[in-house]
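J.: 3D, please:
(2 chains)
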Protein chains: 2
Amino acid sequence: MALALNGESISTLPQYELECGITLHSVNIAYKTWGTLNTERNNVMVICHPFTGSADVEKWWSKLMGCRQAFDSNRFFIFCANVLGSPFGTTSPLSENPSTGKLYGPDFPPTTIRDDVRLHKLILDQLRIVSIAVAIGGSMGGMAVLEWQLCFPGFVRRAIPMVTCAKQSGWCIAWGEVMRQIICSDAAFNNGYYPPDRPPTQGLSAARMAGLLTYRSSASYEERFGRKARSGMTCGETAEEAGHPLYLAQSYLRYKGALFSSNFDANCYLHIIRKMDTHDITRGRVIGGLDEDAALTAVLSTVTTRPLIISIDSDILCPPKEQRQLAEGIPDAKLDIISSVAGHDGFLVENERINAAVLKYLQRELSEFY
Amino acid sequence: MALALNGESISTLPQYELECGITLHSVNIAYKTWGTLNTERNNVMVICHPFTGSADVEKWWSKLMGCRQAFDSNRFFIFCANVLGSPFGTTSPLSENPSTGKLYGPDFPPTTIRDDVRLHKLILDQLRIVSIAVAIGGSMGGMAVLEWQLCFPGFVRRAIPMVTCAKQSGWCIAWGEVMRQIICSDAAFNNGYYPPDRPPTQGLSAARMAGLLTYRSSASYEERFGRKARSGMTCGETAEEAGHPLYLAQSYLRYKGALFSSNFDANCYLHIIRKMDTHDITRGRVIGGLDEDAALTAVLSTVTTRPLIISIDSDILCPPKEQRQLAEGIPDAKLDIISSVAGHDGFLVENERINAAVLKYLQRELSEFY
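T.: All right, here's what the predicted structure looks like:
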C-alpha cells in the first residue's frame, strides 16, 4: 500500500517508546531532504505534513518550492518526515509487527503528534543538526509545528503554524467521529481486520468525501461547480439514482473519493484521526490546579519563536478564532488572516499569498539566509 | 416505519401526476391542523416542514406554538402537511405500490418541492380555503415557502422563508452526495432493496451524523462539548478504539445517529436528498435565452408577498449570502440576519428571537388578525 519513495530515505530505529507507554520495535521513518546543510548545521527548514500528506513535499506543496520561493533549497536544508501511522513509509498499521510476524492493522498502538515530533528529532540528531531555523506546517502539520516548539524549547528559532489550533476542538473530534462511523459501516472493514486485497474502499472513499467538504467552503463550491451537471450524464448506480442528472459536484467527489481510497488505508486513516484527537498542547505541561484557559495561557507564554500564524477566513474546520487564540497567547506572534473562499485547504490553494507571507516573514526574521 | 399519527388526518387521492411525468395512484397525504378556519376561510398559516420533520409541528417547532406566540391557533388556522417521500404518513418508499402490491422502496419515483406544494394545495382546496395568510418554513420548508408563492401567484399573501435558497447550491448537492455514498457503502443497503427488518442502520446513522454537523457550527460544538470526555468511559467497539477516551461530542453523535436511524428510512432519506437537489425556482419558469442570473432576477421580481427572510449568520450549509440574494431580488423583502452560534439549525434553536421576529412581521403585515 505504501507509495514508491522517490529518492526518500528510510531510517530504522531498533525501538521507540510511545507516549502511551508501548514500545515499537524496528521503527521505520521515511523522510526527504532538499538542499545542503551549512557548516553551522543550522539552516534547517522543517516542513510538517498534513493528514494525508507524505514526506515528499513536492507532491503536495510544490508551488512553494523553488529558487526564490518560500521553500528555497538554495538557502535552506529542507527536511520533511512522514508521521507514524501514515501509509507513506513510516511505521504504520500497514507495517509488520515484529513480535507477531503479521501486519499491525487495527492493533497498531495509538500515537500522538508529540510522538511524531520526538521521533523526527532523532533523525535530525543523526544528521547532527544543531537547531531548526524554521518549522512550517498547516492543519495537522501546524499541530506538529506547535509541538516542535514546546517539546524542544530553544531548538526551534522561528515557526509558521497555519490553519491549526492549540487543541483539537470538539467540532473536529465530531467530524473525526463521523468519518470513523462511515468507515465502520462498510461491512468490508470488519473492525479493521480486512485482508489487504479486500479493503473497505467504499467506506474510506465516503469518509474522504466528507473530509474534503470540511476542507472547503460553500462559496468555493459555488464558484467551481454551482448546479452544473455533466452533460448527458445521469446517475445509474442504484434504482434510486436512475435517470437523475449527475451534477459536477457529485462526479468530482466520486472521482476524488475513489482516487483516494486506492492510495490510502482505512486503518491508517482511523489511526491519524485518533492522533489528531489527542492534540492538546497543555497535556502534561501544567503543574497545579490551573483551569483550562489559564493552563493554555501558561503554555503559550513559553513559546519564543515569534511565529507567523496564518488563517483562512472561510475555514469552517479550524476557524480563525482558534489561530487568534494562539496569536494572543504567544509573545510577539503575528496573525495573518487571508481572505479566500478556499476554506481550510486555503493553505494549499492560495499559493501566491501564502508564498508571499512566508517569504516576507523569513526575510525579516532569518535575514542571515537572504 | 411510519410513526403513529397523533390526531393527524390522512387524505387519499385516487391519483396524482408528478413533475417527472409519472402518475402515483392512491396517494396518501398526512396533515395536521390547529385552530379554526374563519368565515372568510382566509386565516390560514401554512407551515412547511424541513427534511426530517413531519406534519406534527408540535414535535419539532413546539416552542413557537401557543397563545400569543408566533404560531397562535387562536388567530390562525394552522396547517402542516407531510411531504412526498417522507416516512411520516404521506406516500413514500415505505408505501405499497398499488400496481405491484409490494413496497416502492428505491423504485419510488422522484418528486420535487413543487410536487409537494401542488399536492398540499389540493388539501387546501378540499377545505375550501380561499387564500393563505402566511406560509412559513425553514431549510427545505423554506424552499416550499418559495414554491407556494410561485406556483400559486396571488394565493399566498405573506411569507417567511428561513435559512433557504433560490436553488439548491452545488455545496448542498455535494453534502447530499456524501450522505448518499455513506448509505450506499453499508452492505445492508443493497441498492435500496433491503428487507424492512434488516435496514442499513449503520449507514443511515453515519449519514445523519454528517448531516447534523452541517446543521451546526464550530462555535456551537465548542460551547456545548469542547474536549470533554465521558468520565471513565472509553471507546471499545473496535481494536483501533480500545482504551481511547470517549469524547462527549462523539457519544452525543452516536446517540443521535442511532436514535434517528430507528425512526427514519434510508430510501426515504435518499429520496428527500434528491428532491432538494432538484430545487431551483427558475426551472421551467423563464422563456427565452436569459442567463442564470437574469432568469433568477426575473422570477424573484414576480413575488408579491413582501416576505420576511431569516438568516443565521453562522449557517455553513445555506449561508446568509443565499438569503441576501432572495432579499435583493424580491420586491419589498426584509432580511433579518440573526447572530447566533447555532448554525443552520438556528431556526429551530433560537426560539425567542425567531418567535419575536415572526410575531413582529405578522402583527405589521396581517394586522387584521391581531
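
J.: ok, which stretches of the stretch 101-250 of chain A are helices?
T.: Shown for the stretch 101-250 of chain A, the helices assigned by DSSP state H, counting those that start in this stretch span residues A:113-126, A:140-151, A:170-184, A:201-214, A:218-224, A:248-261.

J.: ok, residues contacting the shortest one?
T.: Just to be clear, that refers to helix A:218-224. A:249, A:314, A:341-343, B:169-171, B:174, B:316-319, B:321 (C-beta atoms under 8 Å, 6 or more residues apart in numbering or on different chains). Every residue, glycine included, has its C-beta placed from N, CA and C.

J.: now the last one
T.: Outside of helix A:248-261, the residues within contact range by C-beta under 8 Å, 6+ apart are A:52, A:199, A:201-202, A:204-206, A:208-209, A:212-213, A:221, A:224-225, A:228-230, A:233, A:235, B:170-171, B:173-174, B:177-178, B:181.

J.: tell me which residue in the stretch 1-150 of chain A sits closest to chain B.
T.: Chain B sits closest to residue A:106 of the stretch 1-150 of chain A, with a gap of 3.9 Å, by C-beta to the nearest C-beta.

J.: ok, that residue touching residue A:193?
T.: Yes. Contact criterion C-beta atoms under 8 Å: residue A:106 and residue A:193 qualify, at 6.6 Å.

J.: look at the two and report which has more neighbours.
T.: residue A:106 (21 against 13; other C-beta atoms under 10 Å in any protein chain shown).

J.: count of neighbours near the closest residue to that one other than its chain neighbours?
T.: Nearest residue to residue A:106, sequence neighbours excluded (C-beta to C-beta, 6 or more residues apart in numbering or on different chains): residue A:192, at 2.7 Å. Number of residues near residue A:192 (other C-beta under 10 Å) recorded here: 22.

J.: report how many residues lie close to the nearest residue to residue A:92 once chain neighbours are set aside.
T.: The shortest distance from residue A:92 to any non-neighbouring residue, by C-beta to C-beta, 6+ apart, is to residue A:85 (4.9 Å). Neighbour count of residue A:85, defined by other C-beta under 10 Å: 28.

J.: likewise for residue A:242?
T.: Neighbours of residue A:242 (other C-beta under 10 Å): 13.

J.: cool, and residue A:190?
T.: 15.

J.: who's in contact with it?
T.: residue A:200.

J.: within the helices and strands, which one has residue A:29?
T.: strand A:23-34 (DSSP states H and E).

J.: buried ones in that strand?
T.: Residues of strand A:23-34 classed as buried: A:24, A:27-34 (neighbour count, 16 or more other C-beta atoms under 10 Å in any protein chain shown).

J.: go through the contacts of helix A:218-224 and flag which are in strands.
T.: Among these, no residue falls in strands (DSSP state E).

J.: between those, which is closest to residue B:365?
T.: Lowest distance from residue B:365 to the contacts of helix A:218-224 (C-beta to C-beta) belongs to residue B:318, with 23.8 Å.

J.: show me the contacts for that closest one.
T.: So residue B:318 contacts A:218, B:139, B:163-165, B:169, B:172, B:344 (C-beta under 8 Å, 6+ apart).

J.: give me the pLDDT value at the residue positioned nearest the centre of chain A.
T.: Taking C-alpha atoms, centre = their mean, the centroid of chain A lies closest to residue A:50, which sits 1.6 Å from it. The confidence metric pLDDT takes the value 98 at residue A:50.

J.: for the one 10 residues further on, same thing?
T.: The predicted local distance difference test score for residue A:60 is 97.

J.: got it, and residue A:104?
T.: 98.

J.: try the one 5 residues further on
T.: We have a pLDDT of 96 for residue A:109.

J.: what's around the closest residue to it other than its chain neighbours, how many residues?
T.: Take residue A:109 and drop its neighbours on the chain: the residue closest to it by C-beta to C-beta, 6+ apart is residue A:22, 4.2 Å away. Residues lying near residue A:22 (other C-beta under 10 Å) number 12.

J.: same check, this time on residue A:101
T.: 7.

J.: circling back: the residue nearest to residue A:92 reaches residue A:109, doesn't it?
T.: No. Contact between residue A:85 and residue A:109 fails when scored by C-beta under 8 Å: they sit 9.3 Å apart.

J.: where does pLDDT dip in chain A?
T.: Chain A contains residues with pLDDT under 70 at A:1-7, A:236-237.

J.: spit out the contact partners of residue A:274.
T.: A:110, A:176, B:240-241, B:244.

J.: what does residue A:157 give?
T.: So residue A:157 contacts A:131-134, A:305, A:365-366 (C-beta under 8 Å, 6+ apart).

J.: only whichever of those are buried, select them in ChimeraX.
T.: To isolate the buried members of the contacts of residue A:157 in ChimeraX, using 16+ other C-beta under 10 Å:
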select /A:132,133,134,305,365,366
